[in-house]
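> Okay, here's the prediction I keep looking at, along with the sequence it came from:
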Amino acid sequence: MSSGRVAFVSGASRGIGAATASALAATGHRVAVGYASQRDAAEKVVAGIEETGGEAVAVEIDVRDPQSVDIAFSAVEGRWGAKAEIVVANAGINRDGLLLRMTDEQWSEVLRTNLDGAFHVVRRATPAMVRARFGRIVTVASVAGSMGSAGQANYAAAKAGLVGFTRSLARELAARNITANVVEPGPIATDMTAALADAHRQELAASVPLGRLGTADEVAAVIAFLCSDAAGYVTGAIVPVDGGLSMGR
Ligand code: NAP
């Protein structure tokens, strides 16, 4: 079944990344399941993929650190003797706080993980795609990046940065048959939103035209499409998966 390409998904031990790893494996790709600290969770994702006949490997990666990124990609190349032609820069964190109280540390941790991290991962993956004359790059941003989000200036800035980053790649790499797209999820039921107060989560759900939080699988399905051969004419797109939250902007 795993006759497809090699895919690398950062932040795949949980949430949207885990669902994306499973969706990509279900379409026949061998998937590197990146995790930062939750090795057991990543191994569970791998086991789930293997149970359904797919092929996957858990790889430790700290996207903030270019050396760690290089070691992770090299490990995958060593394991499968093939380089990733699909990369999903999904790893992300939030450290919310109102601007007046936001610390330098809150700001820089979020920028380093969510924006620098995507740069490190995609830069490491791109030379092989250029050589292969094929590539699929998807970055996972957020509606917060385009709509703004009170209490999330750091997070929204990083996510807006991903849009300029990804669209620049789309232009730079188009001649090499490499696509680069951004997915902008709205509120999705994962650990990230589970950490919010119940009342805040209900408010979020009520602000979405579809009236609920999305699921990680619903985001993963869109990412998997953008990574498919069928999406060969889609590049530089921002694709919302947000229950209608951002429509009309
Ligand atoms: P999540 O459940 O909190 O999982 C975060 C993932 O990122 C985990 O796999 C974690 O690894 C990994 N990670 C954290 N720091 C890392 C680092 N320094 N290096 C490598 N990996 C790291 O998150 P999620 O809700 O699925 O979100 C996934 C992406 O979607 C994020 O970019 C997030 O900003 C974006 N997004 C989420 C929502 C939402 O409502 N959930 C909405 C819009 C956008 P460990 O498990 O090892 O810690």
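Right, received. Where do you want to start?
> Could you use CA atoms for every contact and neighbour count after this?
Noted.
> residues in this protein within reach of the ligand, list them.
Within the chain, the positions near the ligand by CA under 6 Å from any ligand atom are 10-17, 35-38, 61-64, 90-93, 113, 140-142, 185-193.
> Emit the ChimeraX select command for whichever of those are buried.
In ChimeraX, this line selects whichever of the residues of the chain next to the ligand come out buried by 16 or more other CA atoms under 10 Å:
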select :10,11,12,13,14,15,16,17,35,36,61,62,63,64,90,91,92,113,140,141,142,185,186,187,188,189
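> So which of the residues of the chain next to the ligand sit within strands?
Among the residues of the chain next to the ligand, DSSP state E puts 35, 140, 185 in strands.
> And the average pLDDT for the longest helix along the chain is what?
In the chain, with assignment by DSSP state H, the single longest helix is helix 153-173. For helix 153-173, mean pLDDT rounds to 98.
> just stretch 72-79 next, same as before
For stretch 72-79, mean pLDDT rounds to 98.
> Check what contacts it and list those residues.
Under the criterion CA atoms under 8 Å, 6 or more residues apart in numbering, residues 32, 57, 59-61, 82-84, 124-125 lie in contact with stretch 72-79.
> Now, those that are in helices?
Going by DSSP H, the helices hold 124-125 from these.
> are any of the contacts of stretch 72-79 buried, and which?
For those, a burial check counting by 16+ other CA under 10 Å picks out 32, 57, 59-61, 83-84, 124-125.
> Farthest-apart pair in those residues, please.
Greatest spatial distance in the buried ones among the contacts of stretch 72-79: Val57 and Arg124, 18.3 Å, computed using CA to CA.
> And for the closest residue to Gly244 other than its chain neighbours, the neighbour number?
For Gly244, ignoring the flanking residues on the chain, the nearest one in space by CA to CA, 6 or more residues apart in numbering is Pro209 at 5.4 Å. As a burial measure, Pro209 scores 13 neighbours (other CA atoms under 10 Å).
> secondary structure class for Pro209?
coil (DSSP: H, G, I helix; E, B strand; the rest coil).
> quick one: it and Pro187, what's the gap?
Here the criterion is CA to CA, to the nearest Å. By it, Pro209 lies 12 Å from Pro187.
> ditto for Glu50
For Glu50 relative to Pro187 (CA to CA), the value is 29 Å.
> And the helices in the protein, which stretches?
Using DSSP H, helices in the chain cover 15-26, 39-51, 66-80, 104-111, 117-132, 143-147, 153-173, 191-194, 198-207, 216-226.
> Columns distance to Asp242 on top of the ones you listed, output as JSON lines?
Below are those laid out as JSON lines (distance: least, CA to CA, whole Å):
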{"stretch": "helix 15-26", "distance to Asp242": "13"}
{"stretch": "helix 39-51", "distance to Asp242": "25"}
{"stretch": "helix 66-80", "distance to Asp242": "30"}
{"stretch": "helix 104-111", "distance to Asp242": "22"}
{"stretch": "helix 117-132", "distance to Asp242": "21"}
{"stretch": "helix 143-147", "distance to Asp242": "8"}
{"stretch": "helix 153-173", "distance to Asp242": "15"}
{"stretch": "helix 191-194", "distance to Asp242": "14"}
{"stretch": "helix 198-207", "distance to Asp242": "10"}
{"stretch": "helix 216-226", "distance to Asp242": "9"}
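> Fine by me, thanks again.
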